[in-house]
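Participant: after the sequence you'll find the predicted model.
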Amino acid sequence: MTPTIHKSAGALSLLTLALFAHPHALAQSTGWYAGANAGRTGAEIDDPRITSGLLGQGFSTTSIDDRDRSTGFKLYGGYQFSPHLALEGGYFDLGKFGYTANTVPAGTLNGEMRVRGLNLDLVGTLPLTGKLSALGRVGVNYARVNDRFSGTGAVNVSNPTASKSQANVKYGVGLNYAFNDALNMRLEVERYRVNDAIGNKGDIDMVSVGLVYRFGGPAPQPMQRAATPEPVYVAPPAPAPVVVQAPPPAPVAPAVVPPTRVSLSAESLFGFDASTVKPEGRAELDKFARDLSSANYQTVTVEGHTDRLGSDSYNQKLSEQRATAVKNYLVTSGKLDGSKISAVGKGETMPVTKPGDCKGTKRTAALVACLQPDRRVDVEVTGTR
């Protein structure tokens, strides 16, 4: 005589497994994160079982008022082991469900169930766009179910309370949108298998939305501006007598050094789909800055390039972000003159590979590897001897 819930979930389970198996799954970053979701929960009350139980005690049921919707929430934290896999644990409260059955002889039977517990899930990620990705999860929940019963009129309840704690499976799917490297939003649909305190088994579904904060995300590096020197008054020298001299020889123009162009692999500088310089890439940029600091250069142009996979607008924006990141690093860490350095994004417009080198349009591991030379940052230096 307690709430029971829908038991079929084949399509949901298959979709979850598909997300885990996808070879190109992608997370926004690695490391620790924490979040909170809230939303609506739903259960199916087993009215035939309630009616049968009352009939066995000599009561006929005239009507049953089900309370099969509630409000739930969950608090969770996890660790992103790789771009496609995380381990997540948390606390959940799926809310209260209940019913009121009206009987003959005159009376009512009231039942209520409260479900709370802990969970531990594996979470997989599948990229859809630059900021939007799909989630799939499967794990175990340890739920505590508290049942309460009461009767009025002719209905007498001998055991008004019961409780039970037991581990069962849970799974779900959802969408994740990254506002930036630190803050994400999630929309999820989950199913929790639970056992109540008097032998019923079933599922409770929760549709929720929430926010996720990722710890240790890269912070933007501020641009350093050279201090303006205070004006210094210099007294003019005394006028010298006019002496007529022969004109000096014409100065010899300095030999112009042709532009020097250096190409750096995007994989060595950045993570996948990221624009923050990795520790491995910093050593390469540090050496370049040391070599350049002793040269009499005029300008430095940093160009970001991507491959042809993805939309034109997304590739253009990513190339601009990567070129700016390299410029900022050369100025702030390499101590180069920021007024002589410019950054520009070329997107996918200047590939290194030729049209017939890498065939296909669908993202595969072979195509991604073939287009690797196109994902780069070129640095062009002009100067005089």
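Facilitator: Arrived safely, thanks for sending. Numbering: from 1, shown residues only.

Participant: next, the residue lying closest to Pro160 once chain neighbours are set aside: secondary structure please.
Facilitator: Counting by CB to CB, 6 or more residues apart in numbering, Phe149 is the residue found nearest to Pro160 once chain neighbours are left out, at 5.3 Å. Using the backbone N, CA and C atoms, a C-beta is placed for each residue, glycine as well. Going by DSSP: H, G, I helix; E, B strand; the rest coil, the secondary structure assigned to Phe149 is strand.

Participant: report the beta-bridge partners for Phe149.
Facilitator: Going by DSSP bridges, Phe149 is paired in beta bridges with Gly111.

Participant: can you tell me how far it is from Arg282?
Facilitator: 66 Å (CB to CB, to the nearest Å).

Participant: got it, and Val262?
Facilitator: Distance, Val262 to Arg282, by CB to CB: 16 Å.

Participant: Phe149 and Arg282: who's more crowded?
Facilitator: More crowded of Phe149 and Arg282, by other CB atoms under 10 Å: Phe149, with 19 against 14.

Participant: doesn't Phe81 make contact with Thr125?
Facilitator: No: the pair Thr125 / Phe81 is not scored as a contact, 11.4 Å apart, by CB atoms under 8 Å.

Participant: out of those two, which sits in the more crowded spot?
Facilitator: Neighbours per residue (other CB under 10 Å) separate Thr125 from Phe81, with Thr125 holding more: 23 against 13.

Participant: sec struct for that one, please.
Facilitator: strand.

Participant: quick check: next helix or strand after the top helix by length along the chain?
Facilitator: When the chain is parsed with DSSP state H, its longest helix is helix 312-332. Sequence order places strand 341-347 as the next helix or strand after helix 312-332, per DSSP states H and E.

Participant: report the buried residues of whichever helix or strand comes after that following strand.
Facilitator: Heading C-terminal from strand 341-347, the first helix or strand you meet, by DSSP H and E, is helix 365-370. Neighbour counts using 16 or more other CB atoms under 10 Å place 367, 370 of helix 365-370 among the buried residues.

Participant: where's helix 365-370 relative to the chain centroid, distance-wise?
Facilitator: What separates the centre of helix 365-370 from the centre of its chain is 24 Å, taken as CA atoms, centre = their mean, to the nearest Å.

Participant: which residues are in contact with that helix?
Facilitator: Applying CB atoms under 8 Å, 6 or more residues apart in numbering, the contact partners of helix 365-370 are 23, 307, 309, 353, 357-360.

Participant: whichever helix or strand comes after that helix: how far from the chain's middle?
Facilitator: In the C-terminal direction, the helix or strand that comes right after helix 365-370 (DSSP H and E) is strand 376-384. Relative to its chain's centre, strand 376-384 lies at 34 Å (CA atoms, centre = their mean).
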